[in-house]
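In: my questions concern the predicted model and sequence given below.
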Amino acid sequence: MSYTAPVKDMLFGIEHLAHIEQIAQIPGFEDAGLDTAAAVLEECAKFNEGVLAPLNFEGDKNPSSWKDGVVTTTPGFKEAFRQYGEGGWQGLQHPADFGGQGLPKTIGAACIEMANSANMSFALCPLLTDGAIEALLTAGSDELKATYLEKLVTGEWTGTMNLTEPQAGSDLALVRTRAEPQPDGTYKVFGTKIFITYGEHDMAANIVHLVLARVAGAPDGVKGISLFVVPKFMVNADGTLGARNDAHCVSIEHKLGIKASPTAVLQFGDHGGAVGYLVGEENRGLEYMFIMMNAARYAVGMQGIAVAERAYQKAVQYAKDRVQSRPVDGSIAASAPIIHHPDVKRMLMTMRAYTEGCRAMATVAAAAFDAAHHHPDADTRKQNQAFYEFMVPLVKGYSTEMSLEVTSLGVQVHGGMGFIEETGAAQYYRDAKILTIYEGTTAIQANDLVGRKTARDGGQTAKGIAAQIEKTEGELLASGTPAALAMAKRLTAARQALVDVIEFVAGGTKAQPNAVFAGSVPYLMLAGNVVAGWQLARSLLVAESLLQKGQDQAFMRAKITTAQFYAEHILVKAPGLRDSIVEGAASVTELALDAF
C-alpha cells in the first residue's frame with residue numbers, strides 16, 4: 001500500500017503548462033521558480049510517502065472516536081500533525097508576515113495533492129485550516145489577524161468552517177444559529193452545526209471555528225447572515241489559552257469513507273452562549289464564507305486527483321504482480337501478469353489519462369489564481385480571475401466525478417480481491433464518494449457554471465477559453481505529426497460541441513430554465529472533458545518537442561501516448577454530451593411529478 005508521489009509529472013505541468021518561470025517574474029514570487037518548485041516537491045514527497053501514507057490504511061481500520069465530548073484521532077495522527085506543522089507545510093502558500101512561506105498556489109497545489117494521495121482523512125484538517133486562514137486574511141480585523149493567524153499558519157491551531165445545520169443543508173437562507181451582541185463588542189452564539197470536518201480532535205491545542213449566524217433584526221435569507229470566529233478555547237491578551245468556550249462536540253458521524261476524519265456535530269451556547277467575534281461587517285458573512293468555500297472547492301478537486309492517483313498506482317502494481325491466463329496474442333505461452341491483457345491495459349490507461357488530464361487542468365488553474373491575485377497589471381489580473389473562477393467548478397466537479405470512475409476501475413482491476421477490504425482498493429472507492437458531495441454537490445457546481453460563470457456574461461469567458469483551445473488546435477495542425485493531427489481532429493470536434501452548449505446555456509437560462517439546468521451537470525462534464533483534453537493536447541506538443549531534443553524519451557513517449565488515449569477514448573465523448581444537453585435536456589422536465 002505504498003505511495004510514490006508523481007513528482008516528475010507534477011513538475012512537467014508546473015514548468016510547461018503553468019509556466020512557473022513567468023510566475024517567478026511576479027513581485028513577491030521571485031524565488032519561486034522551477035528550482036524552488038522541484039526542491040519543495042521533493043521534500044514534500046518524502047514527508048508524505050514516509051509519514052502520512054503509512055497511516056492511511058490504519059485510519060480506515062481504526063478511525064477517530066468520540067466519548068464524553070472528546071474526540072481521539074487515529075493512532076499516529078497527532079504526531080504526524082506535529083511534524084506537518086513543524087515542516088512548514090500548513091503555511092506553504094500563506095504570507096510570511098504570519099509565519100508562512102508565501103509560495104504560489106501553483107506549487108502549493110501539488111503539495112495538496114500529495115498530502116491527499118498519502119492520507120485524505122488526515123489532509124482534510126489542514127485543508128479546512130487553509131480556508132479559515134484565507135477568510136481571516138481577507139475580512140478579519142487587525143485584532144483578529146494578530147490573535148489567530150500566526151497560530152493557524154504555523155499549524156499550532158486548526159480551523160473549521162461551520163455552515164450546515166440540521167434543517168439547512170446547502171440552502172443557507174435557512175440558517176437559524178443566532179448571535180446576540182454584547183456590551184463589550186463580542187457576541188453570544190447559540191445553535192447547532194452539523195458535518196463539521198475536524199470540528200473536534202486532539203491534534204492541536206485550539207480549534208478556531210468560523211461560524212455563520214444571524215444577528216437579531218438581520219434581513220431574512222442569505223442577506224442576513226454574519227460570520228464569527230468562535231474559538232474552542234478563549235485566547236488571553238498575551239496569546240496564551242484561557243477558559244473553554246461554550247462550543248462542544250456532541251457526536252461524530254459514522255461514514256462510508258474518510259473514516260479517520262472526525263465529522264462533528266457542534267453545539268454552541270448550551271451553557272450561556274459561546275463567545276464569538278464578528279468577522280468584517282454584519283450581514284456580509286456569506287460573502288466572506290465564500291472565500292473559504294472557493295478555496296475548499298479547488299482543494300476538493302485536488303482531492304479527487306489525489307485519490308485517483310493513489311488508486312491508479314495500486315492498480316498498476318497489482319496488475320504487474322497478479323498472474324492469470326495467457327495473453328490473447330500468444331506472446332507468452334504460459335499464464336502471465338494481467339497487465340498483458342488488453343482490457344486491463346484499457347482500464348489502466350483510462351485511469352492514467354483521466355488523472356493526468358485533471359492534474360494538468362488544476363495546475364493551469366492554480367497559475368491563473370497566482371496571476372489574478374499578484375500580477376502587477378490590472379488587466380492581467382482581471383483576465384486571470386475570470387479564467388480561474390470559470391475553472392473552479394470544473395476542477396471541483398469534473399475531477400471528483402472522474403475520481404469515482406477511476407477508483408471504481410481500480411477495484412475492477414483487482415477483480416474479486418478488489419472487493420475485499422484487506423487489499424485496500426475499496427478504501428479509495430469509498431473515500432472518493434464524499435468528494436462529489438461536500439463543499440457543494442456536483443449539481444451545485446454545475447448550477448454555478450451555468451448561472452454565474454456562463455449566463456451572467458453571455459458566455460464571453462467560456463467563449464474566450466474556446467478561442468484559446470482553437471489556437472492549440474492550430475499548433476497541433478502545424479506540428480503535423482500523426483499524434484498531433486489525431487489530437488487536433490478530436491479536440492476540434494470537442495471544442496465545437498462545447499461552443500454549441502455555451503450558446504444554448506447563455507441564450508436559454510431565461511427562456512427555458514428547466515431545460516438548461518437539467519443539462520447543467522452534463523455541461524460541467526463536457527466542459528471538464530474538453531478543458532482537460534486541451535491541457536493534454538498542450539502536453540503532447542511539449543512532449544513531442546522535448547522528445548526530438550532527446551530528453552527523457554520514455555517519459556515523453558508516455559505523455560504522448562496518454563494524450564492520444566484521452567483523445568480517442570475520453571475526448572471523443574464530447575459531441576454525445578452536447579447532443580444530450582441541447583437535444584435531450586428538455587425531456588428531463590417532461591415527466592410529471594406524480595409519475596415518480
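Out: Now that the structure is in, tell me what you want to look at. Here the structure is a predicted model, which means the values were calculated and not measured.

In: any idea how far Ala168 lies from Phe290?
Out: Distance, Ala168 to Phe290, using C-beta to C-beta, to the nearest Å: 16 Å. No exception for glycine: its C-beta is placed from N, CA and C like everyone else's.

In: quick one, which of the two is more surrounded?
Out: For Ala168 versus Phe290, neighbours defined as other C-beta atoms under 10 Å are more numerous around Ala168 (17 against 12).

In: need the contact list for the more buried one.
Out: Contacts for Ala168 (C-beta atoms under 8 Å, 6 or more residues apart in numbering) come out as 174-176.

In: pretty sure Met292 sits against Gly131.
Out: Yes. Look at Met292 against Gly131 with C-beta atoms under 8 Å: they come within range, at 3.6 Å.

In: hey, what's in contact with both of those two?
Out: Counting by C-beta under 8 Å, 6+ apart, the common neighbours of Met292 and Gly131 are Met161.

In: between the contacts of Ala168, which is nearest His341?
Out: His341 has its nearest neighbour among the contacts of Ala168 in Leu174, at 52.6 Å by C-beta to C-beta.

In: was I right to think the closest one contacts Gln167?
Out: Yes. Between Leu174 and Gln167 there is a contact under C-beta under 8 Å: 5.7 Å.

In: distance of Thr481 from Gln548?
Out: From Thr481 over to Gln548 (counting by C-beta to C-beta), the distance is 10 Å.

In: ok, these two, which is more surrounded?
Out: Per other C-beta under 10 Å, whichever of Thr481 and Gln548 has more neighbours is Thr481, with 15 against 10.

In: pretty sure that one contacts Leu541?
Out: No. Using C-beta under 8 Å, Thr481 is not in contact with Leu541, being 9.4 Å away.

In: is Val189 in a helix, a strand, or coil?
Out: At Val189 the chain is in strand, as set by DSSP: H, G, I helix; E, B strand; the rest coil.

In: so for the longest helix along the chain, mean pLDDT?
Out: Determined from DSSP state H, the single longest helix within the chain is helix 285-321. In this model, helix 285-321 has a mean pLDDT of 95.

In: can you spell out which helices and strands pack onto the helix or strand just after it?
Out: Once helix 285-321 ends, the next helix or strand along the chain (criterion: DSSP states H and E) is helix 342-374. Judged by 3 or more C-beta pairs under 8 Å, 6 or more residues apart in numbering; DSSP states H and E, the packing partners of helix 342-374 are helix 7-12, helix 20-23, helix 105-139, helix 285-321, helix 378-393, helix 399-414, helix 520-548, helix 553-569.

In: mean neighbour count, those: which tops it?
Out: Mean neighbour count (mean count of other C-beta atoms under 10 Å) peaks for helix 105-139 among the helices and strands packed on helix 342-374, with a mean of 26.

In: just how off-centre is that one within its chain?
Out: Its chain's average C-alpha position is 9 Å from that of helix 105-139, according to C-alpha atoms, centre = their mean, to the nearest Å.

In: in the next helix or strand after it, what counts as buried?
Out: Counting by DSSP H and E, the next helix or strand C-terminal to helix 105-139 is helix 142-144. Residues of helix 142-144 classed as buried: Leu144 (neighbour count, 16 or more other C-beta atoms under 10 Å).

In: stretch 475-487 now?
Out: For stretch 475-487, burial by neighbour count (16+ other C-beta under 10 Å) applies to 476, 479, 483-484, 486-487.
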